[in-house]
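A.B. asks: here are the coordinates; sequence isn't available:
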Ligand code: DOR
């Protein structure tokens, strides 16, 4: 992977321009001048223009991930904003939102400013999500308005649920005044108990403590009802069970302001992957049954699921080399996201590339209030170039994160990210 400054004039030639906002896909050339879209169609480029041949490739909006963990401040040995940016560029992501479960957590206006100031020097756009409660302890609300003024785009205690329903209700009311979504990690910790994998036939077979589906879906139902009561927007992260999909679908039908995301790992794997006891498959919420996985894919087809988000969660190899019980929850996912989901959707043949790309671009951007019209002349070139049919094997050389805890290492994929253009730079893979 090589990142360099874009030339003064760059011509993207002979590519298929896929616009997930307008729902169109056609062969066009694009001229980028000084890092901005100059013209699209059959424009005449000056002789001095550098040409990037995009024959057989798709050019689309840069991907946006609303759910990553970059571990800064506190665990820079796992990831930093700079190393996370490289993982993002390798995956076609031009914009990410970082979760606040750092050490210390992003629970004050000053900590939000720390991220926005550091992000200004990064090669992608990075937005902080503020903690809902001080210290992520679930009790006292943070100074949400002041945090929004410093650049917080949403609020979450991710990694931990907001267990107290009254706190969640108040958080939704404040967030609604600020027009920001609350993202609640839906996992009832009492019901989850010591569960480290999905509760079911596989947990019995493997002798590992199970985490019931209800630990998630009950809280999803609660959050939807609380959002309805306060008229606020709630976003459900990493939906993993069929019951949660049913609740989100019903709520959308009834006009509640609810959106939902699904991760590549919950779409790609089921709990049978754990037979190897490989701790890279240990994640919260856990990988579920095949019936759940299939329902998540259907949730994309039906429009119940709005976004794909990686929940990129780097951990050191030393920590992951512990027993399944002791290893931390989480896996990295930025580099493999497009290819993994494209592979599943192609194999299961039910979603068009255009509809899939909307879940990585327009929909997450809408959720966070970011600009959604990226092919407009004069806007910053924030683009991703792809080969949707290229087959390849994902290995450790495909990883640019500071951590290597990917469950996808060794997987054969269909579809590859070839280049990512953002902030005046071009990264060619
Ligand atoms: O598996 C997970 N890891 N789930 C989360 O919600 C948090 C994440 C982390 O921060 O490691």
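C.D. replies: In hand now; what should we look at? This structure is a prediction, so every number in the text was calculated from the model and none was measured.
A.B. asks: is the ligand contacted by the longest helix along the chain?
C.D. replies: Using DSSP state H to assign secondary structure, the helix with the most residues in the chain is helix 214-230. No - judged by Cβ under 6 Å from any ligand atom, helix 214-230 and the ligand are separated, with a smallest distance of 11.4 Å. (Each C-beta comes from the backbone N, C-alpha and C, glycine too.)
A.B. asks: what's that helix packed up against?
C.D. replies: Secondary-structure packing of helix 214-230 (3 or more Cβ pairs under 8 Å, 6 or more residues apart in numbering; DSSP states H and E): helix 165-177, helix 189-192, strand 234-236, helix 242-253.
A.B. asks: distance of residue 382 relative to the ligand?
C.D. replies: Counting by Cβ to the nearest ligand atom, to the nearest Å, the gap from residue 382 to the ligand is 26 Å.
A.B. asks: so that residue sits right up against residue 421, yeah?
C.D. replies: Yes - using Cβ atoms under 8 Å, residue 382 is in contact with residue 421, at 6.9 Å.
A.B. asks: what residues are shared contacts of the two?
C.D. replies: 62, 94 (Cβ atoms under 8 Å, 6 or more residues apart in numbering).
A.B. asks: tell me how many other residues crowd the residue of the chain found nearest the ligand.
C.D. replies: Residue of the chain nearest the ligand, by Cβ to the nearest ligand atom: residue 330 (2.9 Å). Number of residues near residue 330 (other Cβ atoms under 10 Å) recorded here: 22.
A.B. asks: start the count at 273 instead of 1 going forward.
C.D. replies: Fine by me, first position is 273 from now on; the one you just mentioned is residue 602.
A.B. asks: that one - that's part of a helix, no?
C.D. replies: No - read with DSSP: H, G, I helix; E, B strand; the rest coil, residue 602 is coil and lies in no helix.
A.B. asks: gap between it and residue 557?
C.D. replies: The gap separating residue 602 from residue 557 is 11 Å, by Cβ to Cβ, to the nearest Å.
A.B. asks: with residue 319 instead?
C.D. replies: Using Cβ to Cβ, we find residue 319 at a distance of 55 Å from residue 557.
A.B. asks: neighbour-wise, which of these two wins?
C.D. replies: Each of residue 319 and residue 557 has its neighbours counted (other Cβ under 10 Å); residue 557 has more, 25 against 5.
A.B. asks: does the closest residue to the more buried one other than its chain neighbours sit in a helix, a strand or a coil?
C.D. replies: Using Cβ to Cβ, 6 or more residues apart in numbering and skipping the chain neighbours, the partner closest in space to residue 557 is residue 512 (4.2 Å). Here residue 512 is recorded as coil under three-state DSSP.
A.B. asks: for residue 367, same thing?
C.D. replies: At residue 367 the chain is in strand, as set by three-state DSSP.
A.B. asks: that one: how many residues sit nearby?
C.D. replies: Neighbour count for residue 367, taken as other Cβ under 10 Å: 23.
A.B. asks: my read: it touches residue 395, true?
C.D. replies: No - using Cβ under 8 Å, residue 367 is not in contact with residue 395, being 11.4 Å away.
A.B. asks: can you pull the contacts of the residue nearest to residue 557?
C.D. replies: Neighbour list for residue 512: 485, 488, 534, 538, 557-560, 564, 568 [criterion: Cβ under 8 Å, 6+ apart].
A.B. asks: let me have the residues you listed in TSV, extended by secondary structure, distance to residue 446 and pLDDT.
C.D. replies: Shown next, in TSV, are the contacts of residue 512 (DSSP: H, G, I helix; E, B strand; the rest coil; distance: Cβ to Cβ, whole Å; pLDDT from 0 to 100):
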residue	secondary structure	distance to residue 446	pLDDT
485	coil	30	98
488	helix	25	98
534	strand	27	98
538	helix	30	98
557	coil	26	98
558	coil	31	98
559	coil	34	98
560	coil	33	98
564	helix	33	98
568	helix	31	98
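A.B. asks: buried only: go through those for me.
C.D. replies: Among those, those buried by neighbour count (16 or more other Cβ atoms under 10 Å) are 485, 488, 534, 538, 557-560, 564, 568.
A.B. asks: if we can go back for a sec, so which of the helices and strands packed on helix 486-502 is the most surrounded?
C.D. replies: Highest mean neighbour count among those (mean count of other Cβ atoms under 10 Å): strand 506-508, with a mean of 28.
A.B. asks: pLDDT on that one, on average?
C.D. replies: The pLDDT scores in strand 506-508 average 98.
A.B. asks: run through the bridge partners of the closest residue to residue 387 other than its chain neighbours.
C.D. replies: Closest residue in space to residue 387, ignoring its immediate chain neighbours: residue 400 at 4.0 Å, by Cβ to Cβ, 6+ apart. Listed beta-bridge partners, residue 400: residue 370 (assigned using DSSP bridges).
A.B. asks: can you tell me which residues contact residue 400?
C.D. replies: The contact partners of residue 400, taken as Cβ under 8 Å, 6+ apart, are 369-370, 372, 378, 383-384, 387-388, 391, 423-425.
A.B. asks: let's have those in TSV, adding neighbour count.
C.D. replies: Converted to TSV, the contacts of residue 400 look like this (neighbours: other Cβ atoms under 10 Å):
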residue	neighbour count
369	24
370	25
372	27
378	29
383	21
384	27
387	25
388	14
391	19
423	17
424	29
425	20
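A.B. asks: quick check, nearest of these to residue 356?
C.D. replies: Distance ranking of those against residue 356, using Cβ to Cβ, places residue 370 first at 7.6 Å.
A.B. asks: quick check, that closest one in contact with residue 398.
C.D. replies: Yes - with contact defined as Cβ under 8 Å, residue 370 and residue 398 form a contacting pair (6.0 Å).
A.B. asks: which neighbours do those two have in common?
C.D. replies: The contact sets of residue 370 and residue 398 overlap at 342, 353, 356, 387 (Cβ under 8 Å, 6+ apart).
A.B. asks: so which of those residues sit within helices?
C.D. replies: Secondary structure from DSSP H places 353, 356, 387 of the shared contacts of residue 370 and residue 398 in helices.
A.B. asks: burial of the first one, as a residue count?
C.D. replies: Just to be clear, that refers to residue 353. Residue 353 has 21 neighbours, counted by other Cβ under 10 Å.
A.B. asks: got the contact list for it?
C.D. replies: Contacts for residue 353 (Cβ under 8 Å, 6+ apart) come out as 342, 344, 370, 387, 390-391, 394, 398.
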